[in-house]
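Asker: Build the 3D model from these lines:
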Amino acid sequence: VEALNGAPGVYSARYAGENCSYNDNVLKLLEVMKGEKNRKAVFRTVLALVNLVGEVRTIEGVCKGKISLSESGISGFGYDPIFVPDGYRCTFADLELSEKNKISHRGLALQEAIRLWGSIFSQFNS
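Answerer: Next up, the predicted model:
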């Protein structure tokens, strides 16, 4: 979250503390963001692919958006009920799974990984 200098970041799963629930994390973030005008946020996934000769490629999937003022939707998990992707008026939790997968950070990273797996393995066919 931009206004929080990147928090919760890698601590997203335990933002509200150890053994917290997804809902605990969502409620904490909404509380911390109360009154904040800058609600820009980014979901980011990084994958590392290693081929059989040890070459490493990293792939990043990014979905930009904002933190909503309240929860909406019943699909997904984690921060999905409060994340509104750019270009949308609803949260990830409001979207059909097929639509979310087209634009989500995980979906974009996996699409790129699938594209790259072919080039990684094609080295052994020549």
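
Asker: helix/strand/coil for the spatially most central residue of the chain?
Answerer: The centre of the chain sits closest to residue 43, judged by C-alpha atoms, centre = their mean, with a distance of 3.2 Å. Secondary structure, DSSP: H, G, I helix; E, B strand; the rest coil: residue 43 is strand.

Asker: What score does it have for pLDDT?
Answerer: pLDDT for residue 43: 95.

Asker: Could you do residue 111 as well?
Answerer: So, for residue 111, pLDDT stands at 88.

Asker: ditto for residue 37
Answerer: At residue 37, the pLDDT value in this model is 97.

Asker: can you check residue 53 too?
Answerer: So residue 53 comes in at 84 (pLDDT).

Asker: Assign a three-state SS to it, would you?
Answerer: Under three-state DSSP, residue 53 comes out as coil.

Asker: Would you list the phi and psi of it?
Answerer: Here is the backbone geometry of residue 53 (degrees, to the nearest 10): phi -100, psi 10.

Asker: Please apply the same query to residue 8.
Answerer: phi -80, psi -10.

Asker: Could you shift the numbering so residue one becomes 54, and keep it that way?
Answerer: With 54 as the first residue, the last one maps to residue 61.

Asker: That one contacts residue 68, correct?
Answerer: Yes - if you go by C-beta atoms under 8 Å, residue 61 and residue 68 touch, sitting 3.9 Å apart. Quick note: C-beta positions are derived from backbone N, CA and C, even for glycine.
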